[in-house]
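J.: sequence and predicted structure below; questions after.
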Amino acid sequence: MKTLDHPYLLKLIYAFQTPSHLYMALEYCENGDLSQILDEHSLLEERIAKFLVAELILGIRCLHKKGILFRDLKPENILLDADGHIRLADFGLAKQGKEGQDVKAQSFCGSPAYLAPEMLKKEGVTKAGDVYQVGVVLYEMLVGIPPYYNDNIKILYQNIEKGKLKIPKYLSPEAKKCLLKMLNRNPSKRPRLDQLMKEPFFADIDWAKLESKQLEPPMIVRRSRNNADEEALA
């Protein structure tokens, strides 16, 4: 985290260690995380989901350029700052390789509903595994639950490996096409992030302005801390 400097990655401000503990001072994101927003709204409008996942793509892209796999992408690890921009957080399961080289991680780890099929098959994961998890997060924002979800973890894993991907009819053709590419069970057939950015789904995103935080996030209505009023997260 000391080497990372990107607007959509959580910043490490300071760290020190005692004989028994490691202390890390991190950037404060006062609007909580994406899972809290989904708890309040169930799902998000396509334009909002698109903006948030576009910022996420830029954050993951920065990691990949430095030879880092994130491996634990889920709404709980996507924080929102005071203005509504995201910060990718919790690098506990990240795998760091050499910058500029492809990385492959063999260990089995992550959150069950967000695991890529190749992880379940114990084939190891590459950058394509992060692309799959970006697809899972986008799907959850648009549909309300992760693809293939089941409370029974055994059935969940079976669904991820062999189940039919159900895409609601209300999604735009561009969103459906994008999801199908990211959630392809064959990691070699998933688009790289640079390719994903050129998908028609993201046609109205100015990536250069987004990278420099010149685009204003869409408004998400949030419940106040005491649930008595509502406040707008701009």
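T.: It's in.
J.: only C-alpha atoms from now on, for both contacts and neighbour counts.
T.: Noted.
J.: separation between the closest residue to residue 73 other than its chain neighbours and residue 125?
T.: The shortest distance from residue 73 to any residue other than its chain neighbours is 5.9 Å, reached at residue 133 (CA to CA, 6 or more residues apart in numbering). Taking CA to CA, to the nearest Å as the measure, residue 133 falls 11 Å from residue 125.
J.: between these two, which contacts overlap?
T.: Overlap of the contact sets of residue 133 and residue 125 (by CA atoms under 8 Å, 6 or more residues apart in numbering) consists of residue 116.
J.: now the helices for the protein?
T.: Ranges of helices within the chain are 34-41, 46-65, 117-120, 127-143, 153-162, 173-182, 193-196, 207-211, based on DSSP state H.
J.: relative to residue 13, which of those is closest?
T.: Nearest to residue 13 among the helices of the chain is helix 46-65 (17.8 Å), distances taken as CA to CA.
J.: can I get that closest one in CSV, CA atoms only?
T.: Provided in CSV are the C-alpha atoms of helix 46-65 (Å, rounded to 0.1, in the frame of the first residue of the first chain):
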residue,chain,number,x,y,z
GLU,A,46,-27.6,1.3,-14.4
ARG,A,47,-26.0,4.7,-14.8
ILE,A,48,-24.9,4.7,-11.1
ALA,A,49,-23.6,1.1,-11.2
LYS,A,50,-21.7,2.0,-14.4
PHE,A,51,-20.0,5.0,-12.8
LEU,A,52,-18.9,3.1,-9.7
VAL,A,53,-17.7,0.1,-11.6
ALA,A,54,-15.8,2.4,-14.0
GLU,A,55,-13.8,3.9,-11.0
LEU,A,56,-13.3,0.3,-9.8
ILE,A,57,-11.9,-0.7,-13.1
LEU,A,58,-9.3,2.1,-13.0
GLY,A,59,-8.3,1.1,-9.5
ILE,A,60,-7.8,-2.6,-10.4
ARG,A,61,-6.0,-1.5,-13.6
CYS,A,62,-3.5,0.4,-11.5
LEU,A,63,-2.9,-2.8,-9.4
HIS,A,64,-2.5,-5.0,-12.4
LYS,A,65,0.1,-2.6,-13.9
